[in-house]
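Asks: Predicted coordinates and the sequence they were generated for:
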2 protein chains.
Amino acid sequence: MQKSAKSLEVAGKKEQLKSFLKEGGLKSTRQRDIIATEFLNNKGHVTAEELYRIINRKHKDIGFTTVYRTLKLLTRSGLAAERVFSDNLTRYESFSSEDHHDHLICLNCGSITEFKNEKLEKLQEKIADDFSFHPMTHKMEIYGYCMECNKQTSKHGEQT
Amino acid sequence: MQKSAKSLEVAGKKEQLKSFLKEGGLKSTRQRDIIATEFLNNKGHVTAEELYRIINRKHKDIGFTTVYRTLKLLTRSGLAAERVFSDNLTRYESFSSEDHHDHLICLNCGSITEFKNEKLEKLQEKIADDFSFHPMTHKMEIYGYCMECNKQTSKHGEQT
DNA sequence: AAGGAAATTGAAATTCATTTTCAATATCAT
DNA sequence: ATGATATTGAAAATGAATTTCAATTTCCTT
Ligand SMILES: [Zn+2]
Ligand SMILES: [Zn+2]
Ligand SMILES: [Zn+2]
Ligand SMILES: [Zn+2]
């Protein structure tokens, strides 16, 4: 991806945040701008704490609470999504409502890989249907060992 | 299922627990016996707190901590499994290593329904394979509205 | 460009589930 | 029965998530 394309995407999202704030009678602040920028440029699935540490390196005056609250705001505005994996920490990922995906999580190095699978989406419908259940969303997490970690270790244990 | 069949199953599991305890140099106690019995006869996905409340009705002398610790023990022995759904509470379900399953969770009433789907299991392998990922286990949770709750409400919102 | 109502900030306090500590008690191999 | 060791339960500690509150900032109105 070109540098300008990415920048444009981030700029668009920041506009979206501004609209969201204005609509709700909320205010745009220096802190929110910095936090949103840092978050949107970061690819991963970060905890509030992690993002705070990253921001704190450059901005000693921005507190953890504000980072936490801004992530909640981003979530409410539809720009971020909260995710909780098996370590039970709340992580945030940059998100647009159109891009649902699921995750592969490495039990060794903790790396999180995203995937999207049409068959899986269809299967959710089918399974729910069998129970006359009306599905709204789902969570599919595959835990195991990533390619990198597989190279290093040769054998692994059993299933849950 | 017949009453005696269920009883036998529970009895078998209690034997399994005893073996586990003996092997580890741990002791069988009145409390552990009561807690295991109550847990194994309970079908649901209970939190430590919920199980404690159930037990506390009949056994005022058994503390929360012991219930909590016994659930951990049951988990280590392979008779229970810990589950965390979107309310972020740790729940325990009676479990045998052979019966992997996934869950349908109602956003309205909180009911938890189990399902097992072969296609889903196969699909996990396929997806992991695409990423040269070595899968050990997975978690599939479908959130939506159960049949009962669908009867009452007619319309529901969007997706994640 | 002030003025001022209303929102935001950051440190500290609180919440709440979970986990650990510790002194008293129970288990069980000998 | 004895004694070494594990267990128990109340209370304390932990730690992430959330709330409180006084000081500050934003931004609408004049
Ligand atoms: Zn890895
Ligand atoms: Zn993701
Ligand atoms: Zn329901
Ligand atoms: Zn289950």
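Replies: Received it, and whenever you're ready, just let me know what you need. Numbers count the residues shown, from 1 in each chain, chains lettered A, B, ... in the order given. Ligands and ions are numbered 1, 2, ... in the order given.
Asks: For the longest strand seen in chain A, buried residues please.
Replies: Counting by DSSP state E, the longest strand found in chain A is strand A:134-145. Residues A:134, A:135, A:136, A:138, A:139, A:140, A:141, A:142, A:143, A:144, A:145 are the ones in strand A:134-145 that count as buried (16 or more other C-beta atoms under 10 Å in any protein chain shown). No exception for glycine: its C-beta is placed from N, CA and C like everyone else's.
Asks: And for stretch A:5-23?
Replies: For stretch A:5-23, by 16+ other C-beta under 10 Å, it's A:10, A:13, A:14, A:16, A:17, A:18, A:20, A:21.
Asks: Was I right to think the second one contacts residue A:79?
Replies: Yes: with contacts defined as C-beta atoms under 8 Å, residue A:13 counts as touching residue A:79 at a distance of 5.5 Å.
Asks: Pull up the overlap in contacts between these two.
Replies: A:36, A:40, A:94 (C-beta atoms under 8 Å, 6 or more residues apart in numbering or on different chains).
Asks: out of those residues, which are inside strands?
Replies: Checked against DSSP E, the shared contacts of residue A:13 and residue A:79 include these in strands: residue A:94.
Asks: want to try JSON lines for the shared contacts of residue A:13 and residue A:79, with neighbour count, distance to ligand 2 and pLDDT as columns?
Replies: Formatted as JSON lines, the shared contacts of residue A:13 and residue A:79 follow (neighbours: other C-beta atoms under 10 Å in any protein chain shown; distance: C-beta to the ion, whole Å; pLDDT from 0 to 100):
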{"residue": "A:36", "neighbour count": "25", "distance to ligand 2": "18", "pLDDT": "98"}
{"residue": "A:40", "neighbour count": "20", "distance to ligand 2": "14", "pLDDT": "96"}
{"residue": "A:94", "neighbour count": "21", "distance to ligand 2": "9", "pLDDT": "94"}
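Asks: and chain A, which residues reach DNA strand D?
Replies: A:22, A:27-30, A:47-49, A:65, A:68-69, A:72, A:89-90 (C-beta under 7 Å from any atom of the strand).
Asks: If we use 6 Å, what do you get?
Replies: A:27, A:28, A:29, A:30, A:47, A:48, A:65, A:68, A:89, A:90 (C-beta under 6 Å from any atom of the strand).
Asks: wait, residue A:116 sits on residue A:100?
Replies: Yes: using C-beta under 8 Å, residue A:116 makes contact with residue A:100 at a distance of 7.2 Å.
Asks: Of all pairs in the buried residues of stretch A:5-23, which one spans the longest distance?
Replies: When C-beta to C-beta is used, the two most widely separated members of these are A:10 and A:21, lying 16.5 Å apart.
Asks: so where is chain A shaky, pLDDT-wise?
Replies: A:1-2, A:153-160 (pLDDT under 70).
Asks: The spatially most central residue of chain A pairs with what?
Replies: Taking C-alpha atoms, centre = their mean, the centroid of chain A lies closest to residue A:93, which sits 1.5 Å from it. Counting by DSSP bridges, residue A:93 forms beta bridges with residue A:81.
Asks: OK, contacts around the closest residue to DNA strand D within chain A?
Replies: Distances between chain A and DNA strand D by C-beta to the nearest atom of the strand are smallest at residue A:90, namely 3.1 Å. Residue A:90 is in contact with A:47, A:48, A:82, A:83, A:84, counting by C-beta under 8 Å, 6+ apart.
Asks: The second one is in contact with residue A:73, isn't it?
Replies: No: taking C-beta under 8 Å as the contact criterion, residue A:48 and residue A:73 are not neighbours in contact, 12.0 Å apart.
Asks: who in chain A is up against ligand 2?
Replies: Proximity of chain A to ligand 2, by C-beta under 5 Å from the ion, involves residues A:93, A:114.
Asks: Chain A against ligand 1: which residues are in contact?
Replies: Residues of chain A lying near ligand 1 (C-beta under 5 Å from the ion): A:106, A:108, A:109, A:111, A:146, A:149.
Asks: separation between residue A:30 and residue A:130?
Replies: Noted for residue A:30: a distance of 52 Å to residue A:130, by C-beta to C-beta, to the nearest Å.
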